[in-house]
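**Student:** Got a predicted structure plus its sequence, pasted below:
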Amino acid sequence: MTPQPTQTEHGFRGFQLKRLIIEALAVTVTGGLFALLANRLSPAGIELTRDYFPKAPPATNQIIPPQPPPWDSPEAQLHAKGLNTLPMETVVGLFASPGYAADKVIFVDARNDEQYRAGHIPGAFAFDHYRPETSIAVVFPACLAASNVVVYCTGGDCEESGFAALALADAGVPRERLRIYVGGITEWQAAGRPVETGDRRSGQFLPAKP
């Protein structure tokens, strides 16, 4: 017969099992405390109170209209193409400066011939970039001789001034001389500034607004 373990042996084995459990718990607790201490001292430690799995906000039926990016404005688009813009105050100052009288400050109207003849900034050169052959022989030398070339069109979302300035830059006009008047003839005329009709230097003007 196989000898059965005695009560003493049962007690000894039970004591050993309890001791192993106690030692395992002690190791676990000690390791946990050490890990917490190390996590607290480490600059890359985990925030134990932070919710790393936040719940998604409840769905709603509200439709949020898309917002245009801030870089989508006419000025931002021109700047992205390497072109500088001018506010009306600066344009008016250039128009009244001695450089304008000496053709060191010139204006270039980027609209078509019909729009140009209906009214343009006095002394402005006509330059339709869709038909450059009609005016490039006059406009290009004037741009090279000037120190400031102010290009404009209708204003607002009109892109013709940007296209015309890029065409002049591609032809050889230094880009740093080119400026875009974003307000265009619309803002100029609305402010009561003089508007010339017909040919350049025609001496014919639209009646001044009261």
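**Tutor:** Sure, I can see it.
**Student:** Least confident secondary structure element in the chain?
**Tutor:** Every helix and strand of the chain was ranked by mean pLDDT, DSSP states H and E. The lowest is helix 7-41, at a mean of 52.
**Student:** Let me see the mean pLDDT of the helix or strand just after that helix.
**Tutor:** Next helix or strand after helix 7-41 toward the C-terminus (DSSP states H and E): helix 74-80. Helix 74-80 shows a mean pLDDT of 87.
**Student:** now stretch 104-124
**Tutor:** Mean pLDDT, stretch 104-124: 98.
**Student:** care to break this structure down by domain?
**Tutor:** Segmentation of the chain into domains, based on automatic domain parsing, reads 7-49, 73-190.
**Student:** Stretch 154-163 spans what distance, first to last residue?
**Tutor:** Stretch 154-163 has its terminal residues 13 Å apart, counting by CA to CA, to the nearest Å.
**Student:** Name the residues that touch that stretch?
**Tutor:** Stretch 154-163 has contacts (CB atoms under 8 Å, 6 or more residues apart in numbering) with 74, 77-78, 81, 83, 110-111, 115, 129, 151-153, 180-188. Bear in mind the C-beta positions are built from the backbone N, C-alpha and C, glycine included.
**Student:** Kindly report the same for stretch 115-130.
**Tutor:** With contacts defined as CB under 8 Å, 6+ apart, stretch 115-130 is touched by 95, 100, 106-113, 134-136, 138-139, 142, 151-152, 154, 160, 163-164, 167-168, 185, 188-189, 193-201, 205-206.
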